[in-house]
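S.K.: sequence first, then the predicted structure:
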Amino acid sequence: MNTKRMVTNTIIAALYVALTAIFSFMSFGAIQFRVSEMLNHLVGYHKSYRYGVLAGVFLSNLLLSTLGGWDLLFGFG
């Protein structure tokens, strides 16, 4: 993976975590509406962006989730 692609995926992951944190009041709980899920459409433009989106989902579930391991297991899966 070249440097430009790695930096782009890092920015996508950071945007995903930031948007999830800003809208955390509706991002976690029994009914979840995540504004940051709009970044999933970036994968349609370039397949390598999926690594940034997956890293963002993993990190936001790991750091911000109120459901703990369940959200990490099923949200990332």
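M.R.: Arrived safely. Everything quoted here is computed from the prediction, not taken from an experiment. Numbering: from 1, shown residues only.

S.K.: what lies in contact with the lengthiest helix in the chain?
M.R.: In the chain, taking DSSP state H as the definition, the longest helix is helix 3-22. Helix 3-22 is contacted from outside by 27, 34-36, 39, 42, 48-49, 51-53, 55-57, 59-60, 63-64, using CB atoms under 8 Å, 6 or more residues apart in numbering. Any C-beta I mention is one placed from the backbone N, CA and C, and that applies to glycine too.

S.K.: the residues you listed in helices, which ones?
M.R.: Those of the contacts of helix 3-22 lying in helices (DSSP H): Ser27, Tyr51, Gly52, Val53, Ala55, Gly56, Val57, Leu59, Ser60, Leu63, Leu64.

S.K.: so what's the fifth one up against?
M.R.: With contact taken as CB under 8 Å, 6+ apart, Ala55 is in contact with Asn9, Thr10, Ile12, Ala13, Tyr16.

S.K.: mind running it again at 6 Å?
M.R.: Contact partners of Ala55, counting by CB atoms under 6 Å, 6 or more residues apart in numbering, are Ala13.

S.K.: same question, Asn40
M.R.: So Asn40 contacts Val53 (CB under 6 Å, 6+ apart).

S.K.: how about the one 3 residues further on?
M.R.: Applying CB under 6 Å, 6+ apart, one finds that Val43 lies in contact with Tyr49, Arg50.

S.K.: measure it to Ser24 for me?
M.R.: 23 Å (CB to CB, to the nearest Å).

S.K.: quick one on the thing from earlier: would you mind getting the angle between the longest helix of the chain and helix 50-64?
M.R.: 30 degrees (axes from the mean of the first three to the mean of the last three CA atoms, to 10 degrees).

S.K.: alpha carbons of helix 3-22, as PDB, please.
M.R.: Taking Å, rounded to 0.1, in the frame of the first residue of the first chain, the C-alpha atoms of helix 3-22 are listed here in PDB:
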ATOM      1  CA  THR A   3       1.700   6.400   1.200                       C
ATOM      2  CA  LYS A   4      -1.100   8.300  -0.500                       C
ATOM      3  CA  ARG A   5      -3.600   5.500  -0.200                       C
ATOM      4  CA  MET A   6      -2.600   4.900   3.500                       C
ATOM      5  CA  VAL A   7      -3.100   8.600   4.300                       C
ATOM      6  CA  THR A   8      -6.400   8.700   2.500                       C
ATOM      7  CA  ASN A   9      -7.700   5.600   4.400                       C
ATOM      8  CA  THR A  10      -6.500   7.200   7.700                       C
ATOM      9  CA  ILE A  11      -8.400  10.400   7.000                       C
ATOM     10  CA  ILE A  12     -11.500   8.400   6.100                       C
ATOM     11  CA  ALA A  13     -11.300   6.400   9.400                       C
ATOM     12  CA  ALA A  14     -10.800   9.600  11.300                       C
ATOM     13  CA  LEU A  15     -13.800  11.200   9.700                       C
ATOM     14  CA  TYR A  16     -15.900   8.200  10.500                       C
ATOM     15  CA  VAL A  17     -14.900   8.200  14.200                       C
ATOM     16  CA  ALA A  18     -15.400  12.000  14.400                       C
ATOM     17  CA  LEU A  19     -18.900  11.900  12.800                       C
ATOM     18  CA  THR A  20     -19.900   9.000  15.000                       C
ATOM     19  CA  ALA A  21     -18.600  10.900  18.100                       C
ATOM     20  CA  ILE A  22     -20.400  14.100  17.200                       C
END
